[in-house]
Structure formats: C-alpha cells, structure tokens
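Visitor: What would the 3D arrangement of this be:
(5 chains)
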Amino acid sequence: MDIATLLGILAGLFCIGFAVVGTEGGGLALFFNIPSIMITVGGMLSATLIHFSMGQFLGIFSVVKKTIFCKLPSDRELIQNMVNYAAINRRDGALALEQHKAALDDPFQIKGLQMIIDGLDEQAISKQLSVEIEYLQERHQNGKKIMEFMGASAPAFGMIGTLIGLVLMLSNLSSPDSIGAGMAAALLTTFYGALLANLLFIPMAGKLGIHSGRETVLREMIIEGLQAIARGEIPTEVREKMQAFLSVKNREELKPNV
Amino acid sequence: MDIATLLGILAGLFCIGFAVVGTEGGGLALFFNIPSIMITVGGMLSATLIHFSMGQFLGIFSVVKKTIFCKLPSDRELIQNMVNYAAINRRDGALALEQHKAALDDPFQIKGLQMIIDGLDEQAISKQLSVEIEYLQERHQNGKKIMEFMGASAPAFGMIGTLIGLVLMLSNLSSPDSIGAGMAAALLTTFYGALLANLLFIPMAGKLGIHSGRETVLREMIIEGLQAIARGEIPTEVREKMQAFLSVKNREELKPNV
Amino acid sequence: MDIATLLGILAGLFCIGFAVVGTEGGGLALFFNIPSIMITVGGMLSATLIHFSMGQFLGIFSVVKKTIFCKLPSDRELIQNMVNYAAINRRDGALALEQHKAALDDPFQIKGLQMIIDGLDEQAISKQLSVEIEYLQERHQNGKKIMEFMGASAPAFGMIGTLIGLVLMLSNLSSPDSIGAGMAAALLTTFYGALLANLLFIPMAGKLGIHSGRETVLREMIIEGLQAIARGEIPTEVREKMQAFLSVKNREELKPNV
Amino acid sequence: MDIATLLGILAGLFCIGFAVVGTEGGGLALFFNIPSIMITVGGMLSATLIHFSMGQFLGIFSVVKKTIFCKLPSDRELIQNMVNYAAINRRDGALALEQHKAALDDPFQIKGLQMIIDGLDEQAISKQLSVEIEYLQERHQNGKKIMEFMGASAPAFGMIGTLIGLVLMLSNLSSPDSIGAGMAAALLTTFYGALLANLLFIPMAGKLGIHSGRETVLREMIIEGLQAIARGEIPTEVREKMQAFLSVKNREELKPNV
Amino acid sequence: MDIATLLGILAGLFCIGFAVVGTEGGGLALFFNIPSIMITVGGMLSATLIHFSMGQFLGIFSVVKKTIFCKLPSDRELIQNMVNYAAINRRDGALALEQHKAALDDPFQIKGLQMIIDGLDEQAISKQLSVEIEYLQERHQNGKKIMEFMGASAPAFGMIGTLIGLVLMLSNLSSPDSIGAGMAAALLTTFYGALLANLLFIPMAGKLGIHSGRETVLREMIIEGLQAIARGEIPTEVREKMQAFLSVKNREELKPNV
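Guide: Numbering: from 1, shown residues only, chains lettered A, B, ... in the order given. Next up, the predicted model:
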C-alpha cells in the first residue's frame, strides 16, 4: 500500500476542508451542489469516454486502485529470494525450486521461477519476460494518459459549468438578492474542476509514472537474477548481477538463508 | 460502430442539458443565440479553411463519421480468417481462395488475398501493403490535426465573440436593465467554444489517434499472416506469427474451421 | 490562387462583421479606433522587427502574397509534362527539348530541363536541384516562424492596449457616464489582437506549412522524373517513378501526347 | 555557498516587502492569513506527496539546502590537485597519495584517489566513477522535477483558495462592509501561490539544472585526470587532458606545487 | 549595428507612448509608479539571480549590448578577404599574410590567419576553430535562455504586483474615491510586465537566436576558406568552397584585388 498517496489525499482534503468549514460563515453545504458535480464530473467522464476506448475507460478504477494500493517488493527482499533460489538450484537442482513457488504471490516471479524449473535457457527467459515488461509499461502508459486527460478535462468542464451559471444568473438579475448566491454557485464548478485536477488526477498521473519506472527496474533485476540462476552461477554472482541496478550505498552483502 | 464515442457525446450533452434546463429560471432558449453560433462556429470553420487545403477541409465530415461509426474487426476474427486461408492454401492451392474473397468487405484484406491468389512472394506483399499502411496513417494524422486545430480555434473565436458582446453592451449602458442580458449573451460564445472544444474536438482527436494505432496493428497482423501464407506455412505457424502482436493472455488456440 | 485561404478570410470577416453590424445598437464605428489599432498592430510589428532581421521583416508581404496567390501545378500536369519530355528525348534527342522550355513558367522546371538539354547526368541533376529544395524549405520555414511569432505577439499587445485603456479609464472615474465607453474602447485592442492572431496569422502559418510540404513533394517528383529522363528511360517508366509519390488511387495511365 | 541564490531571495523579498509595507494603508498584517497559507502550502505539499514517493518527498529539504549552500570547487583548484597527484605518483609511487586523501572532503575525489592507490587501471576507474555520475544526475533530475511540480502546483492551489474565498464571500453578501475584506483575503492565496512559484520554486529548479550541469563537467574532468594519472602520465599531460573541458581563455599553466 | 532591433524598440515605445500621452485625460505621470517598477523589475531580476549563476547574471548587459550593436561582416566581404589571402599565399607564401593580420579586428579571423602563417594543416585549423564555434554557441544559448526566462518572469511579477495592489485597495474600501486610482495603480505592474516581456525580452531572445545562427554560418565559411588556403588552393577554388554556403542567386564572381 502506497502510504504517500493516501496521506497526500487525506492531508489535501483536510487543508481544503479546514478552510471551507473553519471560516466564519462557511460550511460544507455551501460547497456541495449536485448539478455542479454533474457538469464537472459528468462532462469530464463523457469526454474521457469519447477520447478512449470502452475498455480503457472501464479500466480507470483498476488504475486508481493500483496507484493507491500497489505494493512493490523491496530490492532487498527480491535479491534475497533470488540468492536463495541460486543456492537451492546449485545444491539440489532446479526441480527443488518447485516447492518455493507456492510462497510467491507475484505472477511475474512465479512465471520466471517456472521457466527455471522447466530448464529453459537464459535467452528464452529474457525474451519471454521482456515481452511481459513491455505490456506492463504499455498498460501503465495508458493509465497515465487517461489520468492526464482527466486532469486537463476537469478544469475545462469546471469553466463550462461556471459559464452556464453566469449566463443563468445574468439572465435573472431582477432579484438582486440572488446575485451573490448565483455567482457563488457558478464558481463551484471551477472549484471542483481545479481541485480534482490538481489534488487527484495530475499528481496521480505522476505517481503512476514513478511506480512504472520503479516496477520496470525491479522486473529487470528479476530477469537478470533468473538468467544468472539459469547459467548455474553461485549465489554471490547472482547478487552482484542484481545489485548492479542499485547505487553503491544501497548494496549490502546478502547470503542465502535456506 | 464505436459505442464509447456515441455514449460519451450523449452523456455529455445530457449532463450539460440537465444543468441548462433543470435549473430554476433556466431553459434552452437562454442558451441558443444565432449570432453567437455564427461567430464561434463560423469563425472556427473560416480559420480551418485558411489553415488547411480545400480538400482536407471537405474531408472533415468523413473524418468525424469514421471516428463514430468505424468498425474494426476483432483480433480473433482476423486470425481465424488467416488460419482458414492458410489451411485452404495448403490443401487446395492458392486459387481456391478466390471464392473466399467475396465474403470480405475490407479492401485491405481483399487486396492482400488477391496477391496470394496471384502468387506474389512475401517481399512483394509486404512492400505493397506497407505503402497502404503509410497512406492510412497519413490520412489519420491529417484528420487528427484538423480536429486539434478546431479544438484550439473554437475557444479562441468564443473569446472573440465575447469581446464583441462586451463592447456592444458597454457602449449601450444607458439602459441598465439590459446589462445582465447583454453580458449573458456575450458569455454564450465562450460557452459554445469551450463546449465544442472540450466535448467534441479534443476528445475526438484523441479517439482518432487511438483508432489509428489499433488499425495499424491490425493491418500489420494481416501482413504478417499473409506473408506466412505466401511462404506456404501451416495454419498453426500462421496463428503464432499473428499472435506475437497480442499479450500472452489474449492468445488462444484457433484452428481452421473450413 | 489558393481559393480556400481567400474564402476563409472572407467568410471569417463576414461572420464577425455580421455580429458587429447586425446586432441592435452595433455598428462598425464602435469597433474602429485608431489608437487601438496603433497599439496592437504597431506594437506587434515593432516586436517582429526586434525579433527578426530587417530582410526577413520586409519579406512578410511577399510571404502573405504567396500564401494567398500561390498556384501549384497538379500532379497530373507535372507527370504529363515529364512523360512528354521523355518521349521527345528518346525520339528526337535532348536538344529537341529546347523549344518546350519556353512554354514553362516555373523556374525550377526550366532549370531542370536546361540541365537535361545540357546533357548533365542524374547525379548532377539531383544534387543541384536538391540544394534548391533546401533553400525553398528554409524560406518557407522562415515565413512560417514570422507568422507564428505575429500570431503570439498580436494578442499580447492587445492585452497591453487593454491595460492602458483600463488605467486611463480608472484614473478618470469622476465622470461615471464615460466608464462604459472607456471600458469598451479598452477591450477593442484585445479584440483586434485575438482576431488578427486567430483569423489571420495562426491559420496562415499553418497553410504555409501545408504549401511547403506539398511543393516539396512536387519538386521531388520533378527531380525523380528528370533523373529518369536523363537515364534515357521510356515514358512509361518515367511515369511510374513519379507516381510512386502518389497513393494508389491517384495513379492514372498517362501517355505522351506530343 | 551559492551567493546568487541567497541574494536573489533576499532582494525579491525586499522588493515585495517594500511594496506591501511601504504603501499607505498597507502592512504585513494584511498579507498574513493562516487559512490562506494552509490551503496554498498545504495543498501544494499534499499534491507533491501524491505525485512522488515518500522518500523523494522527504528529500526536498536536502534538495533546497544543496541549491543554496552547495559549494563546488573551482576548475583551477581541481586541476591543481590532480597535477599534484600526478607529480607524486610519478615521483613516489601511488601509495604516497595515501596521505593526501585526508585533506579531501569530496567523497567522489576520495573514492577516485583510493582507486589510484589500489592500482586500478583506467577502464575500471572510468566505469565505476561514471556510474556515480549517473546516480548524481538522477538525484539532481529528481530534485528538479519536484521543484518544477511545486512551481506548477502552488499557483493552482492559490487559485483553488481564491475560489473558496469568493464562494464564501458571495454567500454572505448581506454585510456589504465585509465584501472588500473578503475579496482581499480571497486574493491572498493566489498571491502566495504566484510568489512561491515565481520567486522560489521555478528559479530554484533552474539553478539546480545549472548546478547539475556544472557538477557533471567537474566530475568528468576528475575522471579524465585520474585516468591520466593511472596511465602514469606526467603532470603537464594531466593538466592538458583536464583543460580540454575549458574554453581557451580559461586555460592557464599550472605546475605541481608539492 | 543592428538597425532593426533599435528601430523596433523606438517604434514600439512610440506606439505605446502615443496611446498613453495622446489620449484625453492621459499622461506619462499616470503610468509611472516607483513601487510598481520595483516589484516588476526587482522581482524579475531577483528570480533571474536565483535561477542563474552570478556570472551569467552579470553578463546580461553584455548580451543586450551585443544584440543591439553587434555588427557581422557581409558574406561578400568575408569571401573577398579569403580570396585575397589565397592569392597572396600562392604568390608570396604564407608568411606574406603577416602584414594583413593588422587590418582585421575580428579575433576569430586573426586567430585563423595566424594558424595559416604558422603553417598548420587543415585538420588542426578545423579542430581548433570548431571548438571556438562551440563556445560561441554556448554563450549565445546562455544569453537566449536568460532573455527567455526574463520574458516569462516579468509578466509573473507583474501579476504578483497587481495582486498586492488589489489586496491593498480592497482592504481600504472606506474611501470610495480612491478605488479607481488604486485599481489603476494595481494594473500598472501587469502592464510593465507585459510590455517588458513582449516588446523587449521575448523578441530579443529571438534576435539572439537569429544572430547566433548567422554568426555560426559565417564562421563555418571562414573555416572552409582557411582550410582551402592551407591546402594551397587557387583563389577561385577558395571562393567556390565558401559560396557553397550561399543560395545560388547570392553567388557572385569575386577575384583577388591585391
């Protein structure tokens, strides 16, 4: 679970909420308006539906969920795993790895380990798993593009809503008392659009990009490690091959613990 | 027919329309103004005419139609077709494919099949069909550029219209009652421009790009399949060559059904 | 003469003019103000003069003229010409082409034909004429950059003019009657800037780019054709070499008609 | 310590402060508002937290500190050092460099010198230290991206705060006296956002880029010098290899002074 | 001296000044305000100081001076010089060029001529002078970046100043007479920022880029000419090598006149 994303969203909502509720004369009711939400969110979703394919659109929730709840293994954990597999592979042969497959829950590592067990050579492992990385990046890229489009579309529909509100208010100037309230309501859509874009969509698109970069490096480390195991290298060599992806100060001496 | 595009347009119009009509004191009449439409739409079309050539300009409607109604075959369907052709080709020879040409309605596939029947080798097939893909992409790129230009031009002419409205209103301040109405009318052009750009042109430019990418991949799959058939490969090999374009989980075992 | 550009400008002016004159209380006089024009157009031209060299600046009119009146030959016409020259070249020798040179008014084609008559080989023809294409593209690129700069500069000076107008109006609030008129006048410069940029400069920069691309392709077709003639190829081959630049559906069977 | 950054911040605050305090009716109190700061700074920090990982976020202060206090050695100093090392290396052998290591406080140079002492060849030195430069650039790039994101996010949350303020003010129009004060408070967040972005984040992102470029060149000079020392070259050759990174007028004759 | 830059600045100031002074109720005094200048210019300079290094900052004036007063030799003059040197070199030997060095005031040409006199071969000449061109371009690029940053920073500080002015005015609404004057003063900073950016910084950044391109071509022509002289070629060959940089219509027959 990515604590920074959740913490950021909560902190942002708290800051905004404090200003909305804490000010004299304020209150959540002033900032909650169904038609305004409909224009901003509805308009943005409609535009997203026009821009992307149905499949991409329906994948938004899975994208958001992954951004918030995605848990990547640490470098240390990954390297320890591979070092152990290398030790087992040399001591008991590849088939002995079969029983360690069950402990994994990452399909990518499971698939890689299976290839070692099946005795595939390093070229085959690298080729098949690299294709998986490509599809992963394409999926991430897709999610990032949708988030970015929503980040650009939300403020635009916010402005459209404000224009509608202003036209309505200006056409009914006869009751001067309602001018303030009408104008306040008109500005709400711009507020919604700006908040959605700047607190959610734009930063989450950024986070997706960072996750994608990090996951790609981790998977390349796994491929490097599996290749070394497939060549029958000793645990120390496997560790060094994988640690080439880390900065010097993050490299530590890991030994097989099985 | 691309359901997402149509659904998006309808949903967007519903959200906006609900706000326009459903609000107290609202109504479609307030938001419908012939001179405002003329400035925004007319100005935008004029600028598009100046920017592009007459031929490109007249092709806009065909572009829009294709974005909404374009129907691409599924991967599965395409691969099944090619697998069948491969089976027929090996069993009865290339000439036996002649009678299957009639069932196709995609000119690209018809042309490719004809080349197989005519006995062209794989280089010739790849070369001629690749040129077709290039022209396809150029056409798509053109359509996308026009949509993007209209998406940038519409809000600009919306603002020009609002400026005209403001100048007219400010020059006739003597009747204070008309200030509200004049200002409301002035804002309409900005509203039209923002709506056209953000609900239609910008998302449709995006959809065109996505369609273009998808169609290119499909046609490259067709070329790959036709080349394999021209080399006289067995249906299983044809299928595997084409499925290399798909992610692993979308690959399924297809057998010739003819 | 490029009909789309002229039509676009006329249609745009009509749409804007209709709104300006046709509205109740409107009139051209409200929208015509010498100091406003001076700030917007004068400021923009001054900035252009600072940005570009004197020579580039003085070339603006020639650029505009070319965008509107530039007449490119059709593919068909060009290919027919080259096919005829090929026939004459094979039948009567290169010197017989001398008398056809007079009928041409495009210096590029004249120069190319002269090189055939002078008996230059295909490398020499390609090298010399390719340099001409490079200079052509540089000139076009220059014109496009100036147009784009003016398209960015005009709205900026429009805003500067509006700021001047607002400061003047706000400093003389004692006569409340003049507020409306002062504000209307202040907005005029923004109107001028937006109209010039969006109806003229930005679309014309786009058209220049499209003309440039088209003219480059035509000239490359001419070089291809002249090279084939220099190699003494038959008219059919010359035609096929040139038609490789066209999409399949635009290729037609042209025979020498001399 | 980078004097330009500090001077710029102080000068900027003085110019702004002078206008705020020095104007009749002004005063710091008018421009200080806790909820406004909370929305702008809190919102911006929340968005940054969502965009980046927790580790990158917590590194912001170290990034800012480095931008202001980072002290790079001069070209002259660096070359003098390397020239001295070359002289010692040739006179007394690599081991004699051991005692000079203590005088250095840059880990990069210390590591390089250690490699010379350990007798590594030039390939090994170049390979290991180049990896360090890559990590350095990645760290700088990261800091720059965070600064740029904050520079874009601060004005956005400033605008969000102003929208909240306007909605609150417009909903409480009953007391006309408070309109001015409410509007003034609403504008404060936009002011905060614009000031933070334009006086701090955007220029500091730029400075980080310039520092990064400069530091990379210095480290490449060090690698070049160390390689020459590892090859056992004479001090003059070491100096010339390193001075190839400088413009001619900055090259001076440096001799070993040990 | 670059006449276009000076003319543009004067023309721009005249257009703006005419509107400011020539309008009824106008006058320079309305548009001159020390604190406004301090915020806009002071803030912009502070941000520039933070962004760039002290050395780059102090070089701004030299950059501006060069943009306005920089005088580049004409193609004709340059080629004539080189053709003369070639004639002298072949007639009297390289040493005879010594006496012509004094007539030059461009350090680049002097350095090149000295290399011919010293008998360096063409590779050495090209290598050493190419490095000089690289440093020239880097300097130009630097000046352009500073100008562009100032062009982006000035309007931002203009807006910051207007926000300060608005907050001050809105907090002192008790005296309604001062509203107009306060608002006018607030808008002045935006006016200053827009004028500085659009009349000075942005166009001058553009001019610097054009100068840089032109100067690079001239220096490459010089290198080409010097290389030909170093190879002992005859004046006609030197001229032709240099004229390859010019479009055909600018090539004229130049003969040695010494």
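
Visitor: ok, is stretch A:240-247 in contact with chain D or not?
Guide: Yes. If you take CB under 8 Å from any CB of the partner chain as the test, stretch A:240-247 does meet chain D, through residue A:247. For the C-beta atoms, the positions are set from N, CA and C on the backbone; glycine is no exception.

Visitor: Alpha carbons of that stretch, as CSV, please.
Guide: Written as CSV, here are the backbone C-alpha positions of stretch A:240-247 (Å, rounded to 0.1, in the frame of the first residue of the first chain):
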residue,chain,number,x,y,z
GLU,A,240,26.2,-8.9,-7.7
LYS,A,241,24.4,-9.0,-11.1
MET,A,242,21.2,-7.8,-9.4
GLN,A,243,22.9,-5.2,-7.3
ALA,A,244,24.4,-3.5,-10.4
PHE,A,245,20.9,-1.8,-10.6
LEU,A,246,21.4,-0.2,-7.2
SER,A,247,23.5,2.8,-6.2
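
Visitor: and it, how far from the chain's centre?
Guide: Going by CA atoms, centre = their mean, to the nearest Å, the spacing between the C-alpha centre of stretch A:240-247 and its chain's C-alpha centre is 25 Å.

Visitor: and the residue nearest the centre of chain A, what element?
Guide: Ranked by distance to the mean C-alpha position of chain A (CA atoms, centre = their mean), the top residue is residue A:67 at 2.7 Å. Secondary structure here is read from DSSP states H and E; on that basis residue A:67 sits in helix A:60-69.

Visitor: and after that helix, which helix or strand comes next?
Guide: The next secondary structure element downstream of helix A:60-69 (using DSSP H and E) turns out to be helix A:75-92.

Visitor: Is that following helix positioned near chain D?
Guide: No. Helix A:75-92 stays clear of chain D (CB under 8 Å from any CB), getting no nearer than 12.5 Å.

Visitor: With stretch A:196-210 instead?
Guide: Yes. Contact between stretch A:196-210 and chain D is present through A:197-200, A:202-204, A:206-207, A:210 (criterion: CB under 8 Å from any CB).

Visitor: and the angle for the helix or strand where residue A:148 lies with helix D:122-171?
Guide: Using DSSP H and E, residue A:148 sits within helix A:122-171. An angle of 20 degrees separates the directions of helix A:122-171 and helix D:122-171 when computed by axes from the mean of the first three to the mean of the last three CA atoms, to 10 degrees.

Visitor: Is the lowest-mean-pLDDT helix or strand in chain A positioned near chain D?
Guide: Across the helices and strands of chain A, mean pLDDT, DSSP states H and E gives its lowest value to helix A:60-69, namely a mean of 77. No. Contact of helix A:60-69 with chain D is not found when judged by CB under 8 Å from any CB; the minimum separation is 8.8 Å.

Visitor: okay, the angle between that helix and helix A:122-171?
Guide: With the same axes, to 10 degrees as the criterion, the two stretches helix A:60-69 and helix A:122-171 enclose an angle of 110 degrees.

Visitor: Redo the residues of stretch A:196-210 next to chain D as CSV? Include pLDDT.
Guide: As requested, these are exported to CSV (pLDDT from 0 to 100):
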residue, pLDDT
A:197, 97
A:198, 97
A:199, 96
A:200, 94
A:202, 96
A:203, 95
A:204, 93
A:206, 94
A:207, 91
A:210, 90
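
Visitor: Please produce a ChimeraX select command covering the buried subset of those residues.
Guide: Buried members of the residues of stretch A:196-210 next to chain D, defined by 16 or more other CB atoms under 10 Å in any protein chain shown, are picked up in ChimeraX with:
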select /A:197,198,199,200,202,203,204,206,207,210
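
Visitor: So which of the residues of stretch A:196-210 next to chain D belong to helices?
Guide: Under the assignment DSSP state H, the residues of stretch A:196-210 next to chain D contribute A:202-204, A:206-207, A:210 to helices.

Visitor: quick one: which helix or strand includes the residue of chain A most remote from its centre?
Guide: With distances taken as CA atoms, centre = their mean, the residue sitting farthest from the centre of chain A turns out to be residue A:174, at 50.5 Å. Secondary-structure assignment from DSSP H and E places residue A:174 in no helical or strand segment.

Visitor: cool, the one 5 residues further on as well?
Guide: Assigned by DSSP H and E, residue A:179 belongs to helix A:178-195.

Visitor: Which residues does that helix contact?
Guide: Contacts with helix A:178-195, where a contact means CB atoms under 8 Å, 6 or more residues apart in numbering or on different chains, come from A:16, A:30-31, A:33, A:36-37, A:39-41, A:44, A:154-162, A:164-166, A:168-169, A:172-173, D:156, D:159-160, D:163-164, D:166-167, D:170-173.

Visitor: same thing with stretch A:247-256?
Guide: A:75-76, A:79-80, A:83-84, A:86-88, A:235, A:239, A:243, D:131-132, D:135.

Visitor: Grab the nearest non-local neighbour of residue A:60.
Guide: Closest residue to residue A:60 in three dimensions, ignoring its sequence neighbours and counting by CB to CB, 6 or more residues apart in numbering or on different chains: residue A:146, at 5.9 Å.

Visitor: Report the two of the residues of stretch A:196-210 next to chain D separated the most.
Guide: Pairwise distances among the residues of stretch A:196-210 next to chain D were taken by CB to CB; the largest, 18.6 Å, belongs to A:197 and A:210.

Visitor: how about the residues of the stretch 1-150 of chain A near chain D?
Guide: Residues of the stretch 1-150 of chain A that fall close to chain D, judged by CB under 8 Å from any CB: A:2-5, A:7-9, A:11-12, A:14-16, A:18-20, A:22-23, A:25-26, A:30-31.

Visitor: Please narrow those to those residing in helices.
Guide: Within those, membership in helices is found for A:3-5, A:7-9, A:11-12, A:14-16, A:18-20, A:22, as judged by DSSP H.

Visitor: and stretch A:43-58, how far from the chain's centre?
Guide: Computed by CA atoms, centre = their mean, the separation of stretch A:43-58 from the middle of its chain amounts to 19 Å.

Visitor: and it, how far apart are its ends?
Guide: Start-to-end span of stretch A:43-58 (CA to CA, to the nearest Å) is 16 Å.

Visitor: Next up, the contacts around residue A:27.
Guide: A:20-21.

Visitor: Please report how far the nearest residue to residue A:155 once chain neighbours are set aside lies from residue A:23.
Guide: Across the structure, with CB to CB, 6+ apart as the measure, the residue nearest residue A:155 apart from its sequence neighbours is residue A:193 (4.1 Å). Residue A:193 is 21 Å from residue A:23, where distance means CB to CB, to the nearest Å.

Visitor: ok, back up a step: mind checking the pLDDT average for the helix holding residue A:179?
Guide: Here the mean pLDDT over helix A:178-195 is 92, rounded to a whole number.

Visitor: just how off-centre is that helix within its chain?
Guide: Here helix A:178-195 is found 31 Å from its chain centre; the criterion is CA atoms, centre = their mean.

Visitor: how big is the angle separating it from helix D:122-171?
Guide: Using the same axes, to 10 degrees: helix A:178-195 against helix D:122-171 is 170 degrees.

Visitor: Can you give me the buried ones in helix A:178-195?
Guide: Of the residues in helix A:178-195, those with enough neighbours to count as buried (16+ other CB under 10 Å) are A:179-195.

Visitor: repeat for stretch A:70-79
Guide: By neighbour count, with 16+ other CB under 10 Å as the criterion, the buried positions of stretch A:70-79 are A:73, A:75, A:78-79.

Visitor: any chance of the residues you listed in JSON lines, plus pLDDT and distance to chain C?
Guide: Conversion of the buried residues of stretch A:70-79 to JSON lines gives the following (pLDDT from 0 to 100; distance: CB to the nearest CB, whole Å):
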{"residue": "A:73", "pLDDT": "82", "distance to chain C": "50"}
{"residue": "A:75", "pLDDT": "86", "distance to chain C": "48"}
{"residue": "A:78", "pLDDT": "90", "distance to chain C": "51"}
{"residue": "A:79", "pLDDT": "92", "distance to chain C": "53"}
